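Colleague: got a sequence here, can you model it:
(2 chains, ligands or ions: 1)
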Amino acid sequence: MQANSPLGPEAHYQAQLNEGRFLIQRCNDCARHVFYPRVVCPYCGCAELLWVEAEGAGTVYSTTTVRRKAEAGGDYDVSLIDLDEGVRMMSRVEGPAPAEVKIGMRVRARVIDHQGAGLVVFIAEDEK
Amino acid sequence: MSLKDLRGRTAIVGVGTAGCGEAHGMGDLEILAQAAKAALDDAGLALKDVDGLCTANLNAAMWPLNVVEYLGIRPKFVEGTNVGGAAFVAHQLPAMLALDAGVCDVVLVCYGSTQRTSPFGRKERGAARILLDPEPFQTPYQPFNPPSSYALIAARHMHQYGTTRRHLAEVAVAARKWAQLNPEAFSREPLDIETVLGARMISDPFTAYDCCLVTDGAAAYVMTRADRARDLKKKPVHILANATAVWHRSVSSMQDLTVTPSKESGERAFAAAGLGPKDIDMLQTYDAFSINTLLALEDLGFCKKGEGGSFVEDGAIAPGGGFPVNTNGGGLSCVHPNMYGAFITIEAVRQLRGECGERQIEGAKTAVVNGNGGNSASSQSTSVLATADVL
Ligand SMILES: [Zn+2]
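Modeller: Residues are numbered from 1 along each chain as shown, chains lettered A, B, ... in the order given. Okay, the predicted model is just below:
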């Protein structure tokens, strides 16, 4: 995929997610993966960032259960996920239950619809 | 010229607070002005002497304008950088440079917020902030910030170093014990570890007691050159060094959740001050959450990385413990009006002057002030303050 998309990187990322595709960037100079999407590499300053499909496998780096009243939807998970490509993102582990999400747990990405837009969430590798 | 050349060249000569706790019927600027007046009175100076201004506010992007107009001052030096709650510590270095260069003679650092009693609620402000300054890669997951970001940091620290919820509770209880000795503190009723552990969970592993207060409050302090400071009303407290480090904005971009920019700001500040952690009589650090105190103790070198939990065990940082930390009661129990950095500076000054009554640390000559800013220890600013005989 070309770096010179007519959309800026942030809009391009979202447009692809809306189509169900989870893309991240890879620097054409230092070869490191980059997240969130940018116009310059935060590691080396190179402006040539190429889009690559995220493999989708990751590990929970940290996790918290946000407490919320049952009538408002109940408790939910907020986690930081380290993708195998070496980038970190905030997300939500949707299975198992929030209290059972643990640091070090292997997880897999899926793209869901959130208020009409694509959103990356994760489920534990051994969840159905 | 290096940071070292500024060692002791400027001093804090006046401090003041106002509207701490609840300031019913008052606005941000009104209590700010009261605190400014108190700080200038304390120094034996007047508003007409102020020719430098450092200030910031979470709601107004051009806040120095509001303050200049309200106070009727015409500063030759204005510094409005907002790196979060650490700002009012981070303002020191630019003020030191401006004073030392002779650009101005008297700098007023000031802050005020009536977030607790304001009719324009915190909910509305929070929603407005998300619209004005979005975090598109975090907001859809609804972290309850700032607690959730610091909770992620705490959870990782616990996982990596065996830190426990009881260690975090020790921090909250120590803060409360100091607050009980401080008439200005907002929360002074007794608190024990079991109560902290058994309280309502906010964002795991934090209960409400691991989170700072939501109060009103204003704070101001006055800086001038050391030569001028000698002729003023109160014993000057010298700034040996100040250094600021900013590493990220959002917790998802924080490289190692267990290491804060204090590691860098502390090293720079200690090097310029020519002192190390062993030479320091007290730490006044920004405890937005209980984990902040552990991180500061570790990153500033008061203990090894990962040993913050055991360092604070058995009341070690509480009154009567081995090392005094947050002697006003901290953001956890004294006051926390959104941004708190000016208050830790003021507590260090009061301690070094010997004005702290029941909570006074006898013979204290040196203090480290460590500001924390942003939703995830994003910015840190560290100062080393001392009495004249340490110069
Ligand atoms: Zn690169």
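Colleague: would you map the strands across chain A?
Modeller: A:23-27, A:33-34, A:49-53, A:57-66, A:76-83, A:88-91, A:93-95, A:106-114, A:117-124 (DSSP state E).
Colleague: make CSV out of those strands and add mean neighbour count, distance to B:F302 and mean pLDDT.
Modeller: Any C-beta I mention is one placed from the backbone N, CA and C, and that applies to glycine too. Listed next are the strands of chain A as CSV, based on neighbours: other CB atoms under 10 Å in any protein chain shown; distance: least, CB to CB, whole Å; pLDDT from 0 to 100:
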stretch, mean neighbour count, distance to B:F302, mean pLDDT
strand A:23-27, 21, 39, 98
strand A:33-34, 20, 36, 98
strand A:49-53, 16, 41, 98
strand A:57-66, 23, 24, 98
strand A:76-83, 24, 27, 98
strand A:88-91, 24, 29, 98
strand A:93-95, 19, 35, 96
strand A:106-114, 16, 36, 97
strand A:117-124, 19, 37, 98
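Colleague: quick one, which of these is nearest to B:S383?
Modeller: B:S383 sits nearest to strand A:57-66 of all the strands of chain A, at 30.0 Å, using CB to CB.
Colleague: okay, the spatially most central residue of chain B: pLDDT?
Modeller: Central residue of chain B (CA atoms, centre = their mean): B:G341, 2.7 Å from the mean position. In this model, B:G341 is scored at 98, pLDDT.
Colleague: domains of the chain?
Modeller: The chain I'm using is chain A. A:9-53, A:57-127 (automatic domain parsing).
Colleague: oops, chain B please
Modeller: Taken from automatic domain parsing, chain B resolves into B:3-118+B:216-240, B:145-209+B:241-390.
Colleague: export those domains to TSV and tack on distance to chain A?
Modeller: Converted to TSV, the domains of chain B look like this (distance: least, CB to the nearest CB, whole Å):
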stretch	distance to chain A
domain B:3-118+B:216-240	19
domain B:145-209+B:241-390	4
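Colleague: state the distance from the residue lying farthest from the centre of chain A to B:L240.
Modeller: Relative to the centre of chain A, the most outlying C-alpha is that of A:E71, 28.3 Å out, by CA atoms, centre = their mean. Distance check for A:E71 against B:L240: by CB to CB, to the nearest Å, it reads 54 Å.
Colleague: and B:I73, by the same measure?
Modeller: From B:I73 over to B:L240 (counting by CB to CB), the distance is 28 Å.
Colleague: list of residues touching stretch B:172-190?
Modeller: Residues outside stretch B:172-190 that contact it (CB atoms under 8 Å, 6 or more residues apart in numbering or on different chains): B:17, B:20-21, B:191-193, B:196, B:209-210, B:213, B:215, B:287, B:290, B:293, B:312, B:315-319, B:321, B:324-330, B:332-335, B:356-359.
Colleague: pull the distance from that stretch to the chain's centre.
Modeller: In terms of CA atoms, centre = their mean, to the nearest Å, the centre of stretch B:172-190 is found 17 Å from the chain centre.
Colleague: show the end-to-end separation of that stretch, please.
Modeller: Using CA to CA, to the nearest Å, one end of stretch B:172-190 lies 11 Å from the other.
Colleague: same check on stretch B:224-238?
Modeller: 10 Å.
Colleague: quick one: contacts of that stretch?
Modeller: Contacts of stretch B:224-238 (CB under 8 Å, 6+ apart): B:8-14, B:42-45, B:99-100, B:105-107, B:348-349, B:352-353, B:385-388, B:390-391.
Colleague: pull the contacting residues for residue 21.
Modeller: Answering for chain A, as no chain was given. So A:R21 contacts A:53, A:111 (CB under 8 Å, 6+ apart).
Colleague: um, chain B though
Modeller: B:116, B:186, B:215-217, B:335.
Colleague: how about JSON lines for the residues you listed, with neighbour count, secondary structure and pLDDT added?
Modeller: Conversion of the contacts of B:G21 to JSON lines gives the following (neighbours: other CB atoms under 10 Å in any protein chain shown; DSSP: H, G, I helix; E, B strand; the rest coil; pLDDT from 0 to 100):
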{"residue": "B:R116", "neighbour count": "20", "secondary structure": "coil", "pLDDT": "94"}
{"residue": "B:F186", "neighbour count": "20", "secondary structure": "coil", "pLDDT": "98"}
{"residue": "B:T215", "neighbour count": "25", "secondary structure": "coil", "pLDDT": "97"}
{"residue": "B:D216", "neighbour count": "26", "secondary structure": "strand", "pLDDT": "97"}
{"residue": "B:G217", "neighbour count": "32", "secondary structure": "strand", "pLDDT": "98"}
{"residue": "B:V335", "neighbour count": "27", "secondary structure": "coil", "pLDDT": "98"}
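Colleague: returning to what we had before: who's more crowded, B:I73 and B:L240?
Modeller: B:L240 (25 against 18; other CB atoms under 10 Å in any protein chain shown).
Colleague: around chain B, pick out the residues from chain A.
Modeller: Residues of chain A lying close to chain B (CB under 8 Å from any CB of the partner chain) are A:10, A:35-36, A:61-67, A:76, A:78-80, A:88-92, A:99, A:103-104, A:114, A:117, A:119.
Colleague: hmm, try it at 7 Å
Modeller: A:10, A:36, A:61-67, A:78, A:80, A:88-92, A:103, A:114, A:119 (CB under 7 Å from any CB of the partner chain).
Colleague: any low-confidence regions in the stretch 1-150 of chain B?
Modeller: For the stretch 1-150 of chain B, no stretch has pLDDT under 70.
Colleague: which residue would be the closest one in it to the ion?
Modeller: Distances between the stretch 1-150 of chain B and the ion by CB to the ion are smallest at B:F137, namely 19.1 Å.
Colleague: which ones are touching B:N375?
Modeller: Listed by CB atoms under 7 Å, 6 or more residues apart in numbering or on different chains, the contact partners of B:N375 are B:145-146, B:149, B:250-251.
Colleague: B:K365 now?
Modeller: B:281, B:386-387, B:389-390 are the contacts of B:K365 under CB under 7 Å, 6+ apart.
Colleague: switch to 8 Å and redo it
Modeller: B:281, B:352, B:386-387, B:389-390.
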